[in-house]
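Enquirer: Structure of the sequence below:
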Amino acid sequence: MCRPSALSAASVEMTHTKGSTHNPLLRAPEDATAVDVDDDADANADAPPEFSRHPIRALCVAMFANSVALANPFPYAGFMVLHYGMTADETEVGFYAGWIMTAFMTGRFLSSFYCGVLSDRVGRKFVIQLGLWSCVVFQLLFGFAPTFAWALVARGCMGLFNGLTAVAKASIPDLVPAGPEQTTAMGYVTGMWNAGNIVGPAMGGVLAERSFGVGLLRRYPYAAPNVVGAVLAVMAMVVIYLWLPGRAAGRGYERVGGEAAADEGDADDAGPAKRAA
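Expert: Coordinates of the predicted model:
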């Protein structure tokens, strides 16, 4: 008689146990090793780092001003030779005009190495500003040169203190993260150099031998395009000062991501403890 009761009790217990698995109040403890995955965090990790575009714009303006300074004498160099009375034979004008064109690039050839070394030691910004200063000072000296020799010296010195082109291109990896943005930035900077090679000769041809009623420009008929080129270089200096990171003489840039770009000389002077850290 008791056996059916035992079976019934067992059945009830099994039924209660089976039903308890569906009770929302009776849950198994959560696995402590479970990790929440944030899809937004993964998406942000794959996104390129943010960077300011103002430094690239500053480099573009500097490259444009430098290119204008180089190219503006192209259309009137031969007339300058005749103005200085270097020769009366028109067949020899090209020989002397070639020296005017060559002087700047000769100075650039001689300055390329030491300007690169200088940019590693004192910062890119200092060398870029030095190149723009040379465009201001020696472009004015060239425009107001009293003799052909003075004109040659001014053009040579403008190239001798001008390592802007190479240093500006070397600055891009410090300012823009690797990838399509860096390639695009290089294209913009190089494109502005080519734009200056278009605007410079056009400006030289339009402004040369125009006095605009100013007596000093009548005495120096090829000063006007160089004055405008010097003004462009001054504007570029202001933009570089405001938008390009780094100091005129110091540690260079702050790299993309916020880490300071220390120079090799700073690393050598830092000591073993700082390098180890």
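
Enquirer: and Thr147, how many neighbours?
Expert: Residues lying near Thr147 (other CB atoms under 10 Å) number 11. Just so you know, the C-beta spots here come from the backbone N, C-alpha and C atoms, and that holds for glycine as well.

Enquirer: Do a quick rundown of the strands in the stretch 51-200 of the chain.
Expert: Shown for the stretch 51-200 of the chain, no strands are assigned by DSSP state E, counting those that start in this stretch.

Enquirer: mind listing what Ala168 touches?
Expert: For Ala168, the contacting residues are 59, 62-63, 124, 128, 189, by CB atoms under 8 Å, 6 or more residues apart in numbering.

Enquirer: Which single one of those residues is nearest to Val206?
Expert: Val206 lies nearest to Met63 out of these, by CB to CB, at 21.7 Å.

Enquirer: for stretch 202-214, the distance to its chain's centre please.
Expert: Relative to the chain's own centre, stretch 202-214 is displaced by 32 Å; criterion: CA atoms, centre = their mean, to the nearest Å.

Enquirer: Give the buried residues for it.
Expert: 202-204, 207-208 (16 or more other CB atoms under 10 Å).

Enquirer: any idea of the mean pLDDT for it?
Expert: Averaged across stretch 202-214, the pLDDT comes to 94.

Enquirer: likewise stretch 224-232?
Expert: The model assigns stretch 224-232 a mean pLDDT of 97.

Enquirer: So for that stretch, what gets flagged as buried?
Expert: Across stretch 224-232, burial judged by 16+ other CB under 10 Å covers 224-230, 232.

Enquirer: Return that stretch as PDB; C-alpha atoms alone will do.
Expert: Output of stretch 224-232 as PDB, limited to C-alpha atoms (Å, rounded to 0.1, in the frame of the first residue of the first chain):
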ATOM      1  CA  ALA A 224      58.100  94.800 -58.500                       C
ATOM      2  CA  PRO A 225      57.700  91.000 -59.000                       C
ATOM      3  CA  ASN A 226      60.300  90.400 -56.300                       C
ATOM      4  CA  VAL A 227      58.600  92.700 -53.900                       C
ATOM      5  CA  VAL A 228      55.300  90.700 -54.400                       C
ATOM      6  CA  GLY A 229      57.200  87.500 -54.000                       C
ATOM      7  CA  ALA A 230      58.800  88.700 -50.800                       C
ATOM      8  CA  VAL A 231      55.300  89.600 -49.500                       C
ATOM      9  CA  LEU A 232      54.100  86.100 -50.200                       C
END
